[in-house]
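Colleague: Starting from these lines, generate the structure:
(one chain, ligands or ions: 1)
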Amino acid sequence: MDDSKTVLTHLIKTRLQGAISKVFPEADPGLIQLQICTNPRYGDYQCTSVMAIAKGLKLNPRKAAEEVLEHLDLSGVASDPELAGPGFINIRLLPEAVTQALLQAARTGSCFVQPSDQTQTMVIDFSSPNVAKPMHVGHIRSTILGDSLARVARLLGHKVITDNHIGDWGTQFGKLLVGWKKHLDAANLAKDALGELERLYRMVNQACEEDEAVLEEARQELVALQRGDENNLAIWKEMKEVSRLQFDQIYERLGVVFDHAHGESFYNDHLHSVVQALTEKGLARDSQGAKVVFFEGQPDLEDHPALILKKDGGANYTTTDLATLDYRRKQWQPDEIIYVTDGRQQLHFRQLFAIFKQWQPESNILLSHTWFGSILGSDGRPFKTRSGDTIKLNDLLDEAEERALRAIKEKNPDLPEQTANELASIIGIGAVKYADLLPNRQTDYVFDWDKMLSLSGNTAPYLQYACTRIRSIFRKASLDEAAFLAECIASNMELVMESTHEQTLARKLIHFGLILESVLSDHRPNYLCNYLYELAGTYTSFYEHCPVLKSEGSVQTSRLLLCSLTRQVLEKGLGLLGIQTPSFM
Ligand code: ARG
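Modeller: Residues are numbered from 1 along each chain as shown. Next up, the predicted model:
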């Protein structure tokens, strides 16, 4: 291994994995973790994996850890690792390893992150709105979470395939076709396509409730569409296209890009072969004219059989997802598929995963349902407009930008219009994204404009502002940051960090790579938000206690380097949350 390029935490982890494999050759290196010590009294890092392995093998965990320590060589990096309690291995970095890590980060721009040695292929299925329905705030969490996970996974060296599983097929099209043929307002369609489709849908839906004949008409239109009627197919395609254009506008505002947007209809031709395969395997059975998968012997699903073919011969959401899963397996051979949707779909995914496991038991794809809670209004009820309608994503983003613009203009009335607008977009959209990613995703959270746009507290504007403040230190010192870094590297400088505030900040920076690994393994970007907020706090106490501009010589250079690396990690971290950083605020 070329240690001059290996990131410090990666090096420790690799050595630890090596030592553990010597004692337990059958242990899966992927499961061996290095954790950050929450209490620095015990050291910087801790490993509990040996205890877990020993427990699995019914061995004495402390003895097992002792044996591992005999093989663990961390010379030059950490002081002698300590064994604590029932078998914790505690690791304390040597000060020179810390300074070396900082210089290396300055030299390589790695931000203390190194791609994994165990590259995985991951499919991330997220956003997935429905055609002919506007994207609403519920879709925002999926879009923002999925995008952030994809960014983190890519930075960690994995092969990521993002697929927007758009709901572009289904019973709603019967009603929409009736509406389109009879009541289409072409001008409105050109202006606000999704709004017009929603209007048509509501109108016909209402009519169906009042008049059986309209319902029958919608059914006929749907059957014709499914049969491949040319006119209906052409209208359906147009509805899909106009919806797509509007979705794309939103993705552009959010800076979200997909590798694929196959959508549900892409699998239409495969649905019947899925039903056939499951029937032949004896997994799906006839039940009152429909085909159903029963989960006998699976206590959590026994009461929830899954319908895969309706009485009328139509397939459904589950059938489509089975065909999708089969396609993704064949097409991309993923190690993991991550589905990001709200918590109400938990049963659906448990059924889907259980069916797939029985259908293709040889497949060892890790299937993860990464679910999230709701966004609530200040009254604690689902977030709605004043009139009780669901809030459209576009309107929400408009309001975020307007609010940010007002605050910017108040503070900085002379800013040119375009600059102010650009800044408002970075701040407003950043604030919404951050507020969405910060809470534990499985809890509901209250949407609060004032809180999310505040310059203090755990918010995006606070972190963005921290970055701009660091930039201004370099401006005040009349230094070009990039040139300063180049100079540090070229002169092979010695770092001096005598204050504990400097030491603490340096160590916090080095943690970044491990934080990203835990974000990815638990699918929780909130770990990253909290880390960045803590980093900004650690930086503030460093800055209060260790004068930068008033110091001199190598003390000043070392402090400036800490400033620059903090800014780099903050910006990189925000970038992984899909949030940009302005050059000034
Ligand atoms: N279109 C669905 C919805 O809005 C979400 C689809 C999620 N992905 C999947 N493969 N089922 O609820």
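Colleague: Please identify the helix or strand for W236.
Modeller: Per DSSP states H and E: W236 is located in helix 230-254.
Colleague: Packing partners of that helix?
Modeller: helix 137-155, helix 172-183, helix 193-210, helix 212-227, helix 393-411, helix 417-437 (3 or more CB pairs under 8 Å, 6 or more residues apart in numbering; DSSP states H and E). No exception for glycine: its C-beta is placed from N, CA and C like everyone else's.
Colleague: Just put the ones you listed in TSV and tack on mean pLDDT and mean neighbour count.
Modeller: Shown next, in TSV, are the helices and strands packed on helix 230-254 (pLDDT from 0 to 100; neighbours: other CB atoms under 10 Å):
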stretch	mean pLDDT	mean neighbour count
helix 137-155	95	23
helix 172-183	95	21
helix 193-210	92	18
helix 212-227	92	16
helix 393-411	94	17
helix 417-437	97	21
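Colleague: about what we covered before: mind listing what's buried in the helix or strand just after the helix holding W236?
Modeller: Following helix 230-254 in sequence order, the next helix or strand is helix 271-280 (DSSP H and E). Neighbour counts over helix 271-280 (16 or more other CB atoms under 10 Å) mark L271, V274, V275, A277, L278, T279 as buried.
Colleague: Cross-check the contact I'm expecting between the second one and L322.
Modeller: Yes. Under the criterion of CB atoms under 8 Å, V274 is in contact with L322, at a separation of 5.0 Å.
Colleague: what do the two both touch?
Modeller: Both V274 and L322 are contacted by I308, under the criterion CB atoms under 8 Å, 6 or more residues apart in numbering.
Colleague: What score does S273 have for pLDDT?
Modeller: At S273, the model reports a pLDDT of 96.
Colleague: Same check on T320?
Modeller: 97.
Colleague: repeat for the one 3 residues further on
Modeller: According to the per-residue confidence, A323 scores 98 in pLDDT.
Colleague: now R285
Modeller: R285 is given a pLDDT of 95.
Colleague: Show me the shaky parts of the stretch 351-500 of the chain.
Modeller: Applying pLDDT under 70 to the stretch 351-500 of the chain flags no residue at all.
Colleague: does the residue of it found nearest the ligand count as helix, strand or coil?
Modeller: The minimum distance from the stretch 351-500 of the chain to the ligand, using CB to the nearest ligand atom, falls at L352 (7.9 Å). With DSSP: H, G, I helix; E, B strand; the rest coil as the basis, L352 sits in helix.
Colleague: Surely it is in contact with D321?
Modeller: Yes. Counting by CB under 8 Å, L352 does reach D321; the two are 5.1 Å apart.
Colleague: Give me the more crowded residue out of the two.
Modeller: Neighbour count, other CB atoms under 10 Å: between L352 and D321, D321 has more, with 24 against 21.
Colleague: What strand or helix carries the more buried one?
Modeller: helix 317-332.
Colleague: Between the helices and strands packed on helix 230-254, which one is closest to E241.
Modeller: Counting by CB to CB, E241 lies closest to helix 193-210 out of the helices and strands packed on helix 230-254; the figure is 8.9 Å.
Colleague: contacts for the closest one?
Modeller: By CB under 8 Å, 6+ apart, helix 193-210 touches 132-135, 172, 175-176, 178-180, 183-185, 188-189, 214-215, 218, 239, 242-243, 245-246.
Colleague: Tell me the buried residues in stretch 44-55?
Modeller: Under 16+ other CB under 10 Å, the buried positions of stretch 44-55 are D44, Y45, Q46, C47, T48, S49, V50, M51, A52, I53, A54.
Colleague: Pull the contacting residues for Y327.
Modeller: Contacts of Y327 (CB under 8 Å, 6+ apart): Y267, H270.
Colleague: what separates it from the ligand, distance-wise?
Modeller: Remark: distance between Y327 and the ligand (CB to the nearest ligand atom, to the nearest Å) = 11 Å.
Colleague: Can you get me a residue count around the closest residue to the ligand within the stretch 451-585 of the chain?
Modeller: Using CB to the nearest ligand atom, the closest approach of the stretch 451-585 of the chain to the ligand is made by H523 at 14.9 Å. As a burial measure, H523 scores 22 neighbours (other CB under 10 Å).
Colleague: Was I right to think G138 contacts S374?
Modeller: Yes. Checked against CB under 8 Å, the pair G138 and S374 is within contact range at 7.3 Å.
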